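S.K.: Dropping the sequence and predicted coords here.
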Amino acid sequence: MTDRSITSCDEYGSIYFVESSAMASLCAECAFHLYGYPACEHQFKNGRCTACGWDGSRSKYIAGIISRESS
């Protein structure tokens, strides 16, 4: 995928680029929805964000938060 350091998100298990998140164990997407850290401006290529490595998946918990925010 890339030579950047990757790790897995504790919330949903998918991989992300370590340097893209303000939190050590959450991807930027989860850190944004759970703790209000800055959101990534996702740009997808081949199924992953080129900025943070996120694959677009979400846990049921995060999906619920997003659903409540948009209602």
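M.R.: Yep, it's here.

S.K.: Just want the most central residue of this structure.
M.R.: The centroid of the chain falls nearest to Glu29 when counting by C-alpha atoms, centre = their mean (3.2 Å).

S.K.: Quickly find the element holding that one.
M.R.: Using DSSP states H and E, the element containing Glu29 is helix 28-35.

S.K.: list the helices and strands that helix packs on?
M.R.: Judged by 3 or more C-beta pairs under 8 Å, 6 or more residues apart in numbering; DSSP states H and E, helix 28-35 is in contact with helix 60-70. To be clear about C-beta, it is placed using only N, CA and C from the backbone, and glycine gets the same treatment.

S.K.: List the buried residues of stretch 13-31.
M.R.: By 16 or more other C-beta atoms under 10 Å, the buried positions in stretch 13-31 come out as 14, 16-17, 20-21, 26-31.

S.K.: Reformat the residues you listed as CSV; add pLDDT and distance to Arg4.
M.R.: What follows is those, written out as CSV (pLDDT from 0 to 100; distance: C-beta to C-beta, whole Å):
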residue, pLDDT, distance to Arg4
Ser14, 92, 15
Tyr16, 97, 10
Phe17, 98, 5
Ser20, 96, 8
Ser21, 96, 12
Leu26, 97, 17
Cys27, 97, 13
Ala28, 96, 13
Glu29, 96, 17
Cys30, 97, 18
Ala31, 97, 17
